[in-house]
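Participant: Below are the sequence and a predicted model; questions follow.
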Amino acid sequence: MQESHSLSAALEVRDLTKIYRIKGSTPDKEALKGINLDVPRGSFFGLLGPNGAGKSTLINIIAGLVNKTSGTVSICGYDTDASMRAARSAIGVVPQELNLDAFFTPREVMEFQAGLYGVPKSRRRTDEILTAMGLDDKADVYARTLSGGMRRRLLVAKAMVHNPQVLILDEPTAGVDIELRQQLWEYIKDLNDTGTTVILTTHYLEEAEELCDTIAIINHGEVVACEPTETLLGKLDKKNVSMVLSHDIEEVPAYLANFDAHLSHGRRLSISYRPSETEMSEILKAVTDGGLTIVDMTTAEPDLEDAFLQMTSSK
Ligand SMILES: Nc1ncnc2c1ncn2[C@@H]1O[C@H](COP(=O)(O)OP(=O)(O)OP(=O)(O)O)[C@@H](O)[C@H]1O
């Protein structure tokens, strides 16, 4: 069957499994248990999960660094078994490990990588990419003299040399300081705006919430959620109201025992509730009927951390 590369998803994963066979008495490890994922072209896709969930295994299989046990992976319509070369040239991968040759300079790293991907000299963008990554003044120093943050940015630069349609980043901002992290994201957002699909794993949930239009959560080798970020957050049946009382009280009053209420600083009362079960007015009535006076109040919507905990804590 003819593959329709121009219309296909950026990434299509079907029934993907991975079993690490471990020698000796240790049982085999089933790291991926039938993953299905579709990443549309142009999206900024977040892949989240607790430590050991299988994210790196998945990314490494997509990148061709780890052999899958069964299932299929297609990148921009190219099956990674049947059309390995085309699939590889459609992606750039920024690995988690800072694996750089200590005795190469950033410029050499870039040129070598461009050579590997067959990018003609006239189409190389070494200086442009190094500048975008804030590495132009380090272009000619040995990689071993670069800080952890700089090495990370060099890995991103390296993944971009062949102008891939899909950029995969495994924990790209670990160890990068806040200012440079911001700079890295600006560059990656620009790439995304001009059509590059970005797939990223991160432990910084606020980062994923801010950047990603779609988020998949994996846990114990399975996809437990995969939705637009807004939908995922909207589904969470949890809110919090925080009130400042007119005077200190010693403990949460007994008449609020039916609510999930916490007291801090003597007069800050915080109540979590499920909007599907409880109306905010019931909470306010219970508080004021008990004789407490509220002088200030704020409400908080659930965030990705709530979603993450809800999806991953049940197993
Ligand atoms: N080479 C390997 N041999 C045996 N087991 C492995 C191997 N690599 C990973 N695993 C196991 O497979 C499971 C998934 O690991 P993986 O590194 O993919 O998780 P992760 O979600 O990326 O975690 P982290 O966020 O900590 O990187 C873990 O239980 C891990 O111990």
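Facilitator: Everything's here; your move.
Participant: now the nearest residue to residue 54 once chain neighbours are set aside: how far from residue 73?
Facilitator: The shortest distance from residue 54 to any non-neighbouring residue, by CB to CB, 6 or more residues apart in numbering, is to residue 221 (4.4 Å). To be clear about C-beta, it is placed using only N, CA and C from the backbone, and glycine gets the same treatment. With distances taken as CB to CB, to the nearest Å, residue 221 is found 15 Å from residue 73.
Participant: residues from the chain in reach of the ligand?
Facilitator: Those residues of the chain that sit near the ligand, judged by CB under 6 Å from any ligand atom, are 20, 22, 29, 31, 49, 51-57.
Participant: Correct me if wrong: residue 69 contacts residue 19.
Facilitator: Yes: Residue 69 is within contact range of residue 19, at 4.8 Å (criterion: CB atoms under 8 Å).
Participant: distance between the ends of stretch 285-300?
Facilitator: With CA to CA, to the nearest Å as the measure, stretch 285-300 spans 19 Å from end to end.
Participant: I'd like the distance from it to the chain centre, please.
Facilitator: Mean-position distance between stretch 285-300 and its chain equals 38 Å (CA atoms, centre = their mean, to the nearest Å).
Participant: and what of stretch 27-36?
Facilitator: On CA atoms, centre = their mean, the centre of stretch 27-36 falls 20 Å from that of its chain.
Participant: CA atoms of it as CSV?
Facilitator: Output in CSV follows, covering the C-alpha atoms of stretch 27-36 (Å, rounded to 0.1, in the frame of the first residue of the first chain):
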residue,chain,number,x,y,z
PRO,A,27,12.3,-11.5,35.9
ASP,A,28,12.0,-9.8,32.5
LYS,A,29,10.8,-6.3,32.6
GLU,A,30,7.7,-5.4,30.5
ALA,A,31,8.5,-1.7,30.1
LEU,A,32,5.8,-0.9,27.4
LYS,A,33,2.5,-2.8,27.4
GLY,A,34,0.8,-2.0,24.1
ILE,A,35,1.2,1.8,23.5
ASN,A,36,-1.0,3.5,21.0
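Participant: Which of the residues in that stretch are classified as buried?
Facilitator: Neighbour counts using 16 or more other CB atoms under 10 Å place 31-33, 35 of stretch 27-36 among the buried residues.
Participant: Could you dump these into TSV and include distance to residue 111?
Facilitator: Putting the buried residues of stretch 27-36 into TSV (distance: CB to CB, whole Å) gives the following:
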residue	distance to residue 111
31	36
32	36
33	41
35	36
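Participant: what are the ranges of the helices in the stretch 201-315 of the chain?
Facilitator: Secondary structure of the stretch 201-315 of the chain, counting by DSSP state H, counting those that start in this stretch: helices at 205-211, 229-234, 280-289, 304-312.
Participant: buried stuff in the longest one?
Facilitator: When you say that, I think you mean helix 280-289. Quick answer for helix 280-289 (16+ other CB under 10 Å): 283, 286-287.
Participant: Would you verify that residue 19 is located in a strand?
Facilitator: Yes: checked against DSSP: H, G, I helix; E, B strand; the rest coil, residue 19 lies within a strand.
Participant: Tell me the predicted confidence for it.
Facilitator: Per-residue confidence (pLDDT) for residue 19: 96.
Participant: Quick one: residues contacting it.
Facilitator: 28-31, 69 (CB atoms under 8 Å, 6 or more residues apart in numbering).
Participant: now with 7 Å?
Facilitator: Residue 19 makes contacts with 28-30, 69, as judged by CB atoms under 7 Å, 6 or more residues apart in numbering.
Participant: can I get these in JSON lines with secondary structure and pLDDT?
Facilitator: Putting those into JSON lines (DSSP: H, G, I helix; E, B strand; the rest coil; pLDDT from 0 to 100) gives the following:
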{"residue": "28", "secondary structure": "coil", "pLDDT": "89"}
{"residue": "29", "secondary structure": "strand", "pLDDT": "91"}
{"residue": "30", "secondary structure": "strand", "pLDDT": "94"}
{"residue": "69", "secondary structure": "coil", "pLDDT": "97"}
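Participant: Widest-spaced pair of these?
Facilitator: Greatest spatial distance among those (CB to CB): 29 and 69, at 11.0 Å.
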